[in-house]
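[1] Any chance you can model this:
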Amino acid sequence: MAGLSAQVRQDRAELGIVMMLAAYLLFATLDTSVKWLVVGGFHAFQLAFFRYVGHFAISLIMIGGGGLSWSRFGSGQIGLVLLRALCLVGATVLNFVALNYMTLTVTSAILFSAPIIVCALSMPLLGERVGPWRWFAILMGFAGVMVIIRPFGEAFHPAALLSVLNAIMMALYSILTRRLAGQIAAQTMQLYAGAVGTIALLPFAIMTWRTPETGLEWGLMIALGFWGWLGHELLTRAHGFAPAGTLMPYTYSFMIYLTISSYVVFGKLPDQWTVTGAAIVVMSGLVIWWREKRMEP
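    Model (predicted):
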């Protein structure tokens, strides 16, 4: 039976890949919209609030379809579920603030150091063994990030540190997701992420509120939550059709999407240092992926 299940999963790997590409297209659309709105004068806190209030509303409708009762929302790992949600919300705010000062390509390139940070933290937090090849990839990824942000050069912007913190928060989020996988339903984790973001960001959204003046501004702001929710939904479902090792290389489509939108919407192309650093980060991530594939039973 296990062999049959694996075969069915492998046969639908193409569907998982399509879902993965669609998920990162939605995430790229979200970041591009946020960049356009923050450049237009909207505060990151207000945009982050809309990102999560929409997410929360959709999750509540989805999980509450069978009736509203505590048994449908409860969790035996409530502390870890809330911590996971806080990590995601914190990463979102850091990313939205950074987008006010930095290009889409730079923030996305730094974000993709998150899998490398996950690898570095997996030994102390998850008890996993990290061999010399993966330590080499971790150091290479760190070097790639240094090339991108150039901390001692004239082009350095302090907002780059926010993107680094964003990557760290996303790494912790990924580790907690891995820890909770199989114990907590994905819809439950989606609900708590939306709830925590909505409650935590509401006061800051009120303090920084600016009323949208056009239909486009209202439309983009309302759509942030939908794009975020659907992206995470597709990402979760993709892993039901294909193994993580098959899907991982397609996460880098995010950088391609953002390079295109950065040029089309803002007329910006990455400079040679960003391209070089991003290539190093991608290579280090692929080394980690390759080693994990070799260690699969």
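[2] Count the neighbours of residue 117 for me.
    22 (other Cβ atoms under 10 Å). In short, each C-beta sits where N, CA and C put it, glycine included.
[3] How about the most centrally placed residue in the chain: what's its closest non-neighbour residue?
    In the chain, the C-alpha nearest the mean C-alpha coordinate belongs to residue 170, at 6.4 Å (Cα atoms, centre = their mean). Spatial nearest neighbour of residue 170, chain neighbours left out: residue 114 (4.2 Å); criterion: Cβ to Cβ, 6 or more residues apart in numbering.
[4] pretty sure that neighbour contacts residue 175?
    No. With contact defined as Cβ atoms under 8 Å, residue 114 does not reach residue 175; the gap is 10.2 Å.
[5] which of the two has more neighbours?
    residue 114 (23 against 18).
[6] tell me the contacts of that one?
    167-168, 170-171, 174 (Cβ atoms under 8 Å, 6 or more residues apart in numbering).
[7] Now with 6 Å, please.
    Residues counted as contacts of residue 114 (Cβ atoms under 6 Å, 6 or more residues apart in numbering) are 167, 170-171.
[8] just checking, residue 94 touches residue 162?
    Yes. Between residue 94 and residue 162 there is a contact at 4.8 Å, judged by Cβ atoms under 6 Å.
[9] Just give me how far stretch 46-61 sits from the chain centre.
    16 Å (Cα atoms, centre = their mean, to the nearest Å).
[10] who's in contact with it?
    34, 37, 92-93, 96, 190-191, 194-195, 197-198, 201, 205, 208-209, 221, 224-226, 228-229.
[11] switch the cut-off to 8 Å
    30, 34, 37-38, 89, 92-93, 96, 187, 190-191, 193-198, 201-202, 204-205, 208-210, 221-226, 228-229.
[12] Out of these, which end up buried?
    Buried by 16 or more other Cβ atoms under 10 Å: 30, 34, 37-38, 89, 92-93, 96, 190-191, 193-198, 201, 204-205, 221, 223-226, 228-229, out of the contacts of stretch 46-61.
[13] So which of these belong to helices?
    30, 34, 37-38, 89, 92-93, 96, 190-191, 193-198, 201, 204-205, 221, 223-226, 228-229 (DSSP state H).
[14] hmm, back to that, just the ones of the contacts of residue 114 in helices?
    Using DSSP H, the contacts of residue 114 in helices are 167, 170-171.
[15] May I see those organised as JSON lines, with distance to residue 139 and pLDDT added?
    Converted to JSON lines, the ones in helices among the contacts of residue 114 look like this (distance: Cβ to Cβ, whole Å; pLDDT from 0 to 100):
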{"residue": "167", "distance to residue 139": "16", "pLDDT": "91"}
{"residue": "170", "distance to residue 139": "20", "pLDDT": "89"}
{"residue": "171", "distance to residue 139": "16", "pLDDT": "88"}
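[16] Closest to residue 283 out of those?
    residue 167 (16.6 Å; Cβ to Cβ).
[17] got the contact list for that closest one?
    Counting by Cβ under 8 Å, 6+ apart, residue 167 touches 110-114, 117, 145.
[18] at 7 Å instead, please
    110-111, 113-114, 117 (Cβ atoms under 7 Å, 6 or more residues apart in numbering).
[19] Identify each buried residue in stretch 234-254, please.
    Of the residues in stretch 234-254, those buried (16+ other Cβ under 10 Å) are 234-236, 238-239, 241-242, 246-248, 250-254.
[20] for residue 207, phi and psi?
    When quoted as degrees, to the nearest 10, the phi and psi of residue 207 stand at phi -70, psi -30.
[21] can you count the residues close to the residue lying closest to it once chain neighbours are set aside?
    Closest residue in space to residue 207, ignoring its immediate chain neighbours: residue 45 at 7.5 Å, by Cβ to Cβ, 6+ apart. Neighbour count of residue 45, defined by other Cβ under 10 Å: 19.
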